[in-house]
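J.: From the sequence below, what's the structure:
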Amino acid sequence: MLKTKGNIALTLIIVLVLLFLFSICCRPDEAYHSVEDTEIETDSTSEVSIEPEIVPLSETEIYNLRRDSVIVAVMHEMTIQQKIGQLFMVNIRNDQDYLSRLFNEYYLGGIIVFSSNIQSAPQVQDLTNRLQQLSLGNNSRIGLLIAVDQEGGIVARLKPTLCPIFPSNQIRGNDYAVSLDVTPVETQALETAHAMNNLGLNMNLAPVLDVRSQANSVVGSRSYSSDENIVAQLGVEYITTLQGENIIATTKHFPGHGPTVTDSHHALPFVRESYSDSLAIHLYPFKMAIDNGVSAVMTAHVVYESLDDKPATFSNEIINNLLRDEMGFEGVVITDDICMGALQNNYGIDQIVVEAINAGVDIILICDNENYLEDAYNAIITGLAYRRITMDQLNLAVYRILKLKYDYELIY
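T.: Modelled structure (predicted):
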């Protein structure tokens with residue numbers, strides 16, 4: 001009896017299992033969706049929300065963003081004439097009516113002062129203050145670069161009563177070769193910066209980084225040494241000290257005037273050394289200056305035949321390709337004085353100015369502005385009109401200039 005009941009129970013269980021399996025086979029979709037729904041419910045209750053990681057910006061990144069936003073806003077307010085004016089640095093006469101006309105017509109971005117502009121501390125302070133007011137009157141928020149050649153030695157525009165007298169770079173280099181002490185160069189840069197700040201000057205067209213590779217090199221005592229390592233060491237010390245005091249340093253004369261015996265004030269020098277020699281010797285101090293944050297580089301009116309058949313001042317190969325792309329310089333490039341014989345005796349003003357801007361130059365230096373400023377200014381206007389210069393190229397040059405001015409507190 002018990003055995004019969006057990007068989008009946010087992011049979012019933014088998015039948016129920018078969019019926020369940022049969023129901024699943026007949027409704028596979030329902031069975032599948034039922035399982036899926038259950039899994040979704042389970043997953044939804046156990047789901048973990050993952051927040052994206054927020055990486056804070058560095059102080060440098062915040063500074064760069066703020067600077068770019070200011071520059072974009074300033075450039076948006078500028079006329080084409082005001083932008084073109086930023087590309088010029090000229091010499092002046094101490095005449096208020098003349099200065100007013102100069103700024104009203106050309107919206108100048110920079111001035112270079114010479115010994116003829118300098119009599120006493122109060123006079124220079126008054127002059128630089130008036131110049132800044134004229135600049136702000138025409139450009140509203142953009143201050144003026146006011147430069148001077150204060151190298152030391154034979155090139156010193158400031159009178160001894162305004163800035164201490166310093167020996168030539170050659171003497172500095174000779175002393176360093178014996179002592180390995182950079183303190184005298186540091187002291188010179190520091191005292192020069194203090195004198196310039198006191199007078200309202202903000203840009204020094206120094207130091208000279210030419211390597212004196214020939215005994216009769218035209219750079220002479222203005223060069224620290226015939227050893228590129230000494231030139232680089234002392235040049236970097238001067239640059240970092242000067243710029244640490246909020247004075248713009250300008251290395252010169254890129255890519256090197258040292259191997260030439262011809263004076264570019266009078267004629268066009270040619271360098272026939274191979275590219276590898278030039279890179280190893282004459283470019284090394286400039287590369288060290290760039291790596292240590294120099295703000296500006298001045299070009300040389302010199303033809304490096306292994307690089308280009310044009311003078312460096314308006315050579316795309318030397319400025320854009322070599323200096324900017326290969327050596328990584330992102331700052332302001334300024335020409336040497338375009339009134340010098342090396343250029344004026346061989347090229348027209350239109351070619352010099354238009355090709356210089358297209359080659360990556362930002363500031364055109366004119367030390368005989370009465371003769372050349374109007375022609376140079378009009379050359380850019382005509383170049384833009386006939387698309388020999390693009391608006392992109394103009395804006396890029398203006399951007400670099402304004403970036404420099406922002407960094408040195410000249411945008412308000």
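J.: Mind listing what's buried along stretch 375-387?
T.: Neighbour-count burial for stretch 375-387 flags Ala376, Tyr377, Ala379, Ile380, Gly383, Leu384 (criterion: 16 or more other C-beta atoms under 10 Å). (Glycine included, C-beta is placed from N, CA and C.)
J.: what does it rub up against?
T.: By C-beta atoms under 8 Å, 6 or more residues apart in numbering, the residues outside stretch 375-387 that reach it are 80, 84-85, 87-88, 106, 338, 349-350, 352-354, 357, 364, 366, 388-391, 394.
J.: Nearest residue to Ile230 in space, ignoring adjacent ones along the chain?
T.: Leaving aside its sequence neighbours, Ile230 sits nearest to Gly173 (C-beta to C-beta, 6 or more residues apart in numbering; 5.2 Å).
J.: Now whichever helix or strand that neighbour is part of: average pLDDT?
T.: Using DSSP states H and E, Gly173 maps to helix 169-179. Helix 169-179 shows a mean pLDDT of 98.
J.: Equivalent analysis for stretch 192-202, please.
T.: Per-residue scores along stretch 192-202 average to 98.
J.: same question, stretch 339-346
T.: Averaging pLDDT residue by residue across stretch 339-346 gives 95.
J.: And stretch 80-100, by the same measure?
T.: Across stretch 80-100, the average pLDDT comes to 93.
J.: Pull out the buried positions in that stretch.
T.: Counting neighbours by 16+ other C-beta under 10 Å, stretch 80-100 gives Gln82, Lys83, Ile84, Gly85, Gln86, Leu87, Phe88, Met89, Val90, Asn91, Ile92, Leu99 as buried.
J.: can you tell me which of these are in helices?
T.: Among the buried residues of stretch 80-100, DSSP state H puts Gln82, Lys83, Ile84, Gly85, Leu99 in helices.
J.: Can you tell me how far the last one is from Leu108?
T.: In this case it means Leu99. Leu99 sits 10 Å away from Leu108, going by C-beta to C-beta, to the nearest Å.
J.: Stretch 70-84 spans what distance, first to last residue?
T.: 19 Å (C-alpha to C-alpha, to the nearest Å).
J.: Out of the contacts of stretch 375-387, which end up buried?
T.: 84-85, 87-88, 106, 338, 349-350, 352-354, 357, 364, 366, 388-389, 394.
J.: Which ones among these lie within helices?
T.: Ile84, Gly85, Tyr106, Ile349, Asp350, Ile352, Val353, Val354, Ile357, Leu394.
J.: circling back to that earlier point, the residue nearest to Ile230 reaches Ser225, doesn't it?
T.: Yes: using C-beta atoms under 8 Å, Gly173 is in contact with Ser225, at 3.8 Å.
J.: what residues are shared contacts of these two?
T.: Common neighbours of Gly173 and Ser225 (C-beta under 8 Å, 6+ apart) are Val231, Leu234.
J.: got a pLDDT number for Asp309?
T.: 95.
J.: Now for it: which residues touch it?
T.: Asp309 neighbours (C-beta under 8 Å, 6+ apart): Val303.
J.: what separates the helix holding Gly173 from the chain centre, distance-wise?
T.: Offset of helix 169-179 from its chain centre (C-alpha atoms, centre = their mean, to the nearest Å): 30 Å.
J.: residue nearest the centroid of this protein?
T.: Nearest to the geometric centre of the chain sits Gly331, at 0.8 Å (C-alpha atoms, centre = their mean).
J.: List the contacts of stretch 337-350.
T.: By C-beta under 8 Å, 6+ apart, stretch 337-350 touches 264-269, 301-302, 311, 313, 352-353, 356, 364-368, 371-372, 375-376, 379, 382-383.
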